[in-house]
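Participant: Would you be able to build a 3D model of this:
(one chain, ligands or ions: 1)
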Amino acid sequence: MSITENNTVLPNMSRRNWLKLAGVGATALSASPFLSACAQDSAVADTADGASSELAILSSNENPFGPSPKAIEAMKAEVANIYRYTYPSVMALTEQIAKRENVSPDQILITNGSQPILGHFSVWANSKDLTILTSELTYEGVPRVAEAFGSTVDYSPVTADLDFDLDTIAAKVKPGTCAYICNPNNPTGKIIDPAKLDAFVDTVSAQVPVFIDEAYLDIADDYEKQVMTKYVRMGRPVIVARTFSKIYGMAGQRVGYALMPADMIKEFASFQLLSNVNKLGLVAASASLDDTAHFEEMRVKMKLGREKLIAMARDIGRPIAENPQGSFIYMDTGMAASEFAAKMMDKGVRVVGSRWQERPEWSRICVGLPHEIEKCHAAAKEVLTSI
Ligand SMILES: Cc1ncc(COP(=O)(O)O)c(C=O)c1O
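Facilitator: Numbering: from 1, shown residues only. Purely as a prediction, here's the structure:
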């Protein structure tokens, strides 16, 4: 261990890895497509004020219906207490999640949104020189961050149906690797067959660490079958990441958590980059978990929104990644996605342009409020039927 100027304790890392963490990695990170994508999304969110804005924001995978009223009440009740540090609130939420997931509290890590968990996994894999096995078409939070720190990422192509190709990924597993799986996947919305995923996690986690990103899982039709927490209970090197940003409608409040082995949490914490979640986020998350009626209502609303987007794609005759299970569709626009996004923007609708270079003509379009989806439908019809 070494101590820095501001008394931060640094773990023993090789000079190469520390340099990557401190400088080169950070520079690369700030220029990474991942961060620029996030910056773009939040700039939009910051300047547009939802209902009063003309802009329909269908680009950021937020929950347009907002958080549970009970979460809002909980934050109001706590607001005068923000002068206190958060330890008791972290402990309370940890206990609540532990009970709910039937794991031990020391197997839970609560963070500012789930992105810090993804980022820490990337840095952790780098510190152990692990190659990350994943899909060429998935969320950037692990692979691009890992690359920015100098890790090797081995991207497998998706199948013809745009699914994660678990067989190909499993065939590459060997000592010195680990896997990142996003289920349902972002940007495709594809969900993995539960039996296949179970067999994959069972076999692979007996050999190497497996990270499963379940950010959108509770929006999926059959989500309970897909939850992979049992492998954490079994003591496997499995990390399951969840977030309050999606179905719980708290993207701006920043709360996420991981279920993972206790010793791995200690290793993540040793990077000293974790900070506790803010107090209001913690109480809002806790109230959200208790509000099962809001959760069920959001599941219905998200599904209805997704179905409207699917109907839109059918109406304008564009292919999509079939049976999407997240809060978005992934559509082949038949033109450069960046051009499609620019033309949609001219019509007051924000969609994702060319974030995934592997599919330059595909755009991800997220569930919005009903009138926003209608606006999107009308705009896409005009843009795409004129080509
Ligand atoms: C698959 C996936 N995982 C993780 C995240 C990170 O979200 P947050 O940090 O808001 O929890 C996102 C954000 O869109 C995502 O799409």
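
Participant: Just after the host helix or strand of Tyr231, pick out the following helix or strand.
Facilitator: Taking DSSP states H and E as the definition, Tyr231 sits inside helix 229-233. Using DSSP H and E, the helix or strand that follows helix 229-233 towards the C-terminus is strand 238-243.

Participant: any bit of that following strand sitting next to the ligand?
Facilitator: Yes. Interface with the ligand: strand 238-243 contributes Thr243 (C-beta under 6 Å from any ligand atom). Bear in mind the C-beta positions are built from the backbone N, C-alpha and C, glycine included.

Participant: going on from that strand, what's the next piece of helix or strand?
Facilitator: According to DSSP H and E, the helix or strand after strand 238-243 is strand 256-259.

Participant: partners of that following strand in the sheet?
Facilitator: strand 108-111 (antiparallel), strand 238-243 (antiparallel) (DSSP bridges).

Participant: In CSV: the ones you listed, plus mean pLDDT.
Facilitator: Formatted as CSV, these follow (pLDDT from 0 to 100):
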stretch, mean pLDDT
strand 108-111, 95
strand 238-243, 97
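
Participant: wait, doesn't Tyr248 sit right on Phe65?
Facilitator: No. With contact defined as C-beta atoms under 8 Å, Tyr248 does not count as touching Phe65 (10.6 Å).

Participant: quick one, which of these two is more surrounded?
Facilitator: Neighbour tally, Tyr248 and Phe65, criterion other C-beta atoms under 10 Å: the higher count belongs to Tyr248, 26 against 16.

Participant: Need the per-residue pLDDT for that one.
Facilitator: Turning to Tyr248, the model gives it a pLDDT of 98.

Participant: now swap in the one 5 residues further on and tell me
Facilitator: The pLDDT attached to Gln253 in the predicted structure is 96.

Participant: Likewise for the one 3 residues further on?
Facilitator: Each residue has a pLDDT score; the one for Gly256 is 97.

Participant: And for the closest residue to it other than its chain neighbours, the neighbour number?
Facilitator: Spatial nearest neighbour of Gly256, excluding adjacent residues (C-beta to C-beta, 6 or more residues apart in numbering): Ser114 at 3.0 Å. Applying other C-beta under 10 Å, we find 25 residues neighbouring Ser114.

Participant: Roughly how far does Ser114 sit from Leu55?
Facilitator: 26 Å (C-beta to C-beta, to the nearest Å).

Participant: swap in Lys99?
Facilitator: 41 Å.

Participant: Can I get stretch 158-171 in PDB, CA atoms only?
Facilitator: Extracted in PDB, the C-alpha atoms of stretch 158-171 (Å, rounded to 0.1, in the frame of the first residue of the first chain):
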ATOM      1  CA  VAL A 158     -23.400 -11.600 -32.700                       C
ATOM      2  CA  THR A 159     -25.500 -14.400 -34.300                       C
ATOM      3  CA  ALA A 160     -27.600 -13.900 -37.400                       C
ATOM      4  CA  ASP A 161     -30.500 -12.900 -35.100                       C
ATOM      5  CA  LEU A 162     -28.300 -10.400 -33.300                       C
ATOM      6  CA  ASP A 163     -28.100 -12.500 -30.200                       C
ATOM      7  CA  PHE A 164     -25.100 -12.800 -27.900                       C
ATOM      8  CA  ASP A 165     -23.200 -15.800 -29.200                       C
ATOM      9  CA  LEU A 166     -22.600 -17.600 -26.000                       C
ATOM     10  CA  ASP A 167     -21.200 -20.800 -27.600                       C
ATOM     11  CA  THR A 168     -18.400 -18.800 -29.300                       C
ATOM     12  CA  ILE A 169     -17.700 -16.900 -26.100                       C
ATOM     13  CA  ALA A 170     -17.600 -20.100 -24.000                       C
ATOM     14  CA  ALA A 171     -15.200 -21.700 -26.500                       C
END
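
Participant: Tell me the gap between it and the middle of its chain.
Facilitator: 20 Å (C-alpha atoms, centre = their mean, to the nearest Å).

Participant: Test my guess that Leu217 contacts Val227.
Facilitator: Yes. Leu217 lies in contact with Val227 (C-beta under 8 Å); the separation is 6.7 Å.

Participant: pLDDT averaged over the longest helix seen in the chain, what's the number?
Facilitator: Of all the segments of type helix in the chain, defined by DSSP state H, the longest one is helix 292-315. Averaging pLDDT along helix 292-315 yields 98.

Participant: any residues touching that helix, and which ones?
Facilitator: 63-65, 68-70, 189, 218-219, 221, 247-249, 288, 319-320, 324-329, 331, 365, 367-368, 370, 373, 376-377, 380-381 (C-beta atoms under 8 Å, 6 or more residues apart in numbering).

Participant: rewinding a little: of Leu217 and Val227, who's got more company?
Facilitator: Leu217 (24 against 17).

Participant: that older thread, from what I see, the residue nearest to Gly256 and Ile212 are in contact.
Facilitator: No. Between Ser114 and Ile212 there is no contact under C-beta under 8 Å: 11.6 Å.
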